[in-house]
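K.L.:
how would this look folded up:
(chains A and B)
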Amino acid sequence: MEWLERNVPKLVLAPSFVAILVFVYGFIAWTAWISFTRSRLMPRYELDGFIQYERLFAAPRWDVAMNNLFIFGGLFIVISMVIGLALAIFLDQKIRAEGVLRTIYLYPMALSLIVTGTAWKWILNPGLGVQEMVRGWGFENFAFDWLIRPDMAIYTIVLAAVWQASGFVMALFLAGLRSVDTEIIRAAQVDGIPTHRIYSAIIIPTMAPIFLSAFIVLAHLAIKAFDLVIALTGGGPGYATDLPATYMYAMAFSRGDLGQAASSAMIMMMVIFAIVVPYLYSELRPRRDQ
Amino acid sequence: MTSNTVLRWGLYGILFLFAAFYLMPLFVMLTTSLKSLEEIRTGSLLALPREITFAPWAEAWSTACAGTQCEGLRPFFWNSVLMAVPAVAISTVVGALNGYVFAQWRFRGANLFFAAILFGCFIPFQVVLLPMAQMLGLMGIAGTIPGLIFVHVIYGIGFTTLFFRNYYVTIPQELVRAAKVDGAGFFRIFWSIFLPISLPIITVSVIWQFTQIWNDFLFGVSFSGPGSQPVTVALNNIVNSTTGVKAYNVDMAAAIIAALPTLLVYVVAGKYFIRGLTAGSVKG
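P.N.:
Numbers count the residues shown, from 1 in each chain, chains lettered A, B, ... in the order given. Alright, predicted model coming up:
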């Protein structure tokens, strides 16, 4: 009885411990194992070296997916950060309707990416969407058909993703701006330092951790991007807008190629961990300076 | 003074321009959903409906075809409710207890375990998709709503644990020590000291989990069967269904219906929604 009393906290954690151990780490191990086998439709457990990774890197479709990830991820992160920071700084100027504007900027984050994709698919469709509308205004030759152009379709995904997430970056930065010590700002204002210098030299440098957080969150969203592609382009035209996540899904559920699905999932995880692990490490390390 | 005023106007101009950019898709969805197909074909994207019709909404709700099934979004909407409510409740309760232990009942190895949980929050779910499909089959809940609840609980407890741990860690340990001296046990202390002050963080956790689970597509499309598809999967099927005339107005009405619950949560409790979003990314 006393033993029970002493161990209640551990017993409470036990189910979660087992669940995390099995369903996170065990499953990762399983996927890793399968990625070293010749599994096709059914899992096979005889190891066979790096065959799946060789196939993966030789596949043109995977090449497109990784290229798209860099284009999409890079643009998505940079544009969202620029818009987010600009909006945060603008909103920080004692704006009268701040509450309403903030609510408007951030609501897309509450939507499912399937909804976002559906909406933008309709807006961007060349037949009845923006292109047709502008033509209707008299610009007969106006063309905005990115959605159906293999070389441009990936940018529609950037557009929709920025629309969805930039308000969230704004909220992060605004919280950061508000937490900067007002004494320092007031002192700088008294000294007659112009506002843009106060931002660039004093406020923004103190927000380095927030830039890092925003970057991590956005990079994470980019690598996991799946729903948006499915809803907006379906990976097409052809597989022009495939991302690693859609490649993995196609291999797992429509091609019946478990080996490819597992190896592509492992690469995705490695990309995420290359970004997240240094971050988590620095976050979890006990801080000596405090 | 005048240049300052001009600057001010410019500032408001930019801010309202961006507001228009964020609102535009919602506006287009709403107006399109209220137009007839005829008006959509002849009118302009941003034009208000000349004649408002609710027929697309009725069709989206009860007769639109998702794949071969033509019952509208309704059955799938209820699937999502049946999936989200238990999954949110269970993951929040488990997260609260876990967070309470991590914050106030430290033991050897607890930090390592916490790090392992945190780490799990960041994995791309693709890496667990294949074994989970096998496991759900073994457990006999593949393609069912209980199966989806199970998956959402498992991969939700990382975040809920994080929320509650970070909230409870600010409560002085002396409080627990004093209560122990008075003879109160683990659950008693949780029930009478921690639970009463937990409303804000419970709200954050519930809203975060609800938004995540309601909006999920990957697990839904991977692990649901014909009778258990969540609303996001059905919406995608309706929009991409190739049979018949493309009914954009029905698509838009369906998209709004699928978005309504989380939008409503955002409008009612936006503050907590933002706290959940930032809690995972900004420490402290």
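K.L.:
Just the element for residue A:70, please.
P.N.:
Following DSSP states H and E, one finds residue A:70 within helix A:60-91.
K.L.:
which strands and helices sit next to that helix?
P.N.:
In terms of contacts (3 or more Cβ pairs under 8 Å, 6 or more residues apart in numbering or on different chains; DSSP states H and E), helix A:60-91 is packed against helix A:98-106, helix A:153-178, helix A:208-224, helix A:244-249, helix A:258-284, helix B:2-33. C-beta: built from backbone N, CA, C; applies to glycine.
K.L.:
For residue B:75, which of those is the nearest?
P.N.:
Each of the helices and strands packed on helix A:60-91 was scored for nearness to residue B:75 using Cβ to Cβ, and the closest is helix B:2-33 (20.2 Å).
K.L.:
and that closest one, what does it pack onto?
P.N.:
In terms of contacts (3+ Cβ pairs under 8 Å, 6+ apart), helix B:2-33 is packed against helix A:60-91, helix A:98-106, helix A:113-124, helix A:153-178, helix B:55-62, helix B:248-281.
K.L.:
Identify all contacting residues around the helix or strand following that helix.
P.N.:
Following helix B:2-33 in sequence order, the next helix or strand is helix B:37-42 (DSSP H and E). Contact partners of helix B:37-42, identified using Cβ atoms under 8 Å, 6 or more residues apart in numbering or on different chains, comprise A:128, B:32, B:49-51, B:245, B:247-249.
K.L.:
If you rank the residues you listed by neighbours, which is first?
P.N.:
In terms of neighbours by other Cβ atoms under 10 Å in any protein chain shown, the contacts of helix B:37-42 top out with residue B:32 at 27 neighbours.
K.L.:
wait, that residue sits on residue B:248?
P.N.:
Yes - using Cβ atoms under 8 Å, residue B:32 is in contact with residue B:248, at 5.9 Å.
K.L.:
Between the two, which contacts overlap?
P.N.:
Common contacts of residue B:32 and residue B:248 (Cβ under 8 Å, 6+ apart): A:122, B:40.
K.L.:
Make sure residue A:172 is actually in contact with residue B:274.
P.N.:
No - the pair residue A:172 / residue B:274 is not scored as a contact, 9.4 Å apart, by Cβ under 8 Å.
K.L.:
Compare neighbour counts for these two and give me the winner.
P.N.:
Ranked by neighbour count (other Cβ under 10 Å), residue A:172 and residue B:274 place residue A:172 first, with 26 against 22.
K.L.:
how near is the more buried one to chain B?
P.N.:
Computed as Cβ to the nearest Cβ, to the nearest Å, the residue A:172 to chain B distance reads 6 Å.
K.L.:
Spatially nearest residue to that residue (excluding sequence neighbours)?
P.N.:
For residue A:172, ignoring the flanking residues on the chain, the nearest one in space by Cβ to Cβ, 6 or more residues apart in numbering or on different chains is residue A:214 at 5.2 Å.
K.L.:
Contacts only, for the one you found.
P.N.:
The contact partners of residue A:214, taken as Cβ under 8 Å, 6+ apart, are A:80-81, A:84, A:169, A:172-173, B:281.
K.L.:
Serialize the residues you listed to TSV and add fields for pLDDT and distance to residue B:160.
P.N.:
Output for those, formatted as TSV (pLDDT from 0 to 100; distance: Cβ to Cβ, whole Å):
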residue	pLDDT	distance to residue B:160
A:80	96	26
A:81	95	28
A:84	95	27
A:169	92	24
A:172	89	21
A:173	91	26
B:281	51	16
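K.L.:
Out of the residues you listed, the closest to residue B:88 would be?
P.N.:
Using Cβ to Cβ, the contacts of residue A:214 come closest to residue B:88 at residue B:281, 20.9 Å.
K.L.:
list the contacts for residue A:154?
P.N.:
Applying Cβ under 8 Å, 6+ apart, we find residue A:154 in contact with A:68, A:71-72, A:240-241.
K.L.:
Of these, which is the most crowded?
P.N.:
Within the contacts of residue A:154, most neighbours by other Cβ under 10 Å means residue A:241, with 26 neighbours.
K.L.:
which SS state does that residue fall under?
P.N.:
coil (DSSP: H, G, I helix; E, B strand; the rest coil).
K.L.:
Give the closest residue to it in space, chain neighbours not counted.
P.N.:
Setting aside the residues directly before and after it, residue A:241 is nearest to residue A:233 in space (Cβ to Cβ, 6+ apart), at 4.4 Å.
K.L.:
again with residue A:53
P.N.:
Nearest residue to residue A:53, sequence neighbours excluded (Cβ to Cβ, 6+ apart): residue A:263, at 5.3 Å.
K.L.:
any low-confidence regions in chain A?
P.N.:
Applying pLDDT under 70 to chain A flags residues A:283-290.
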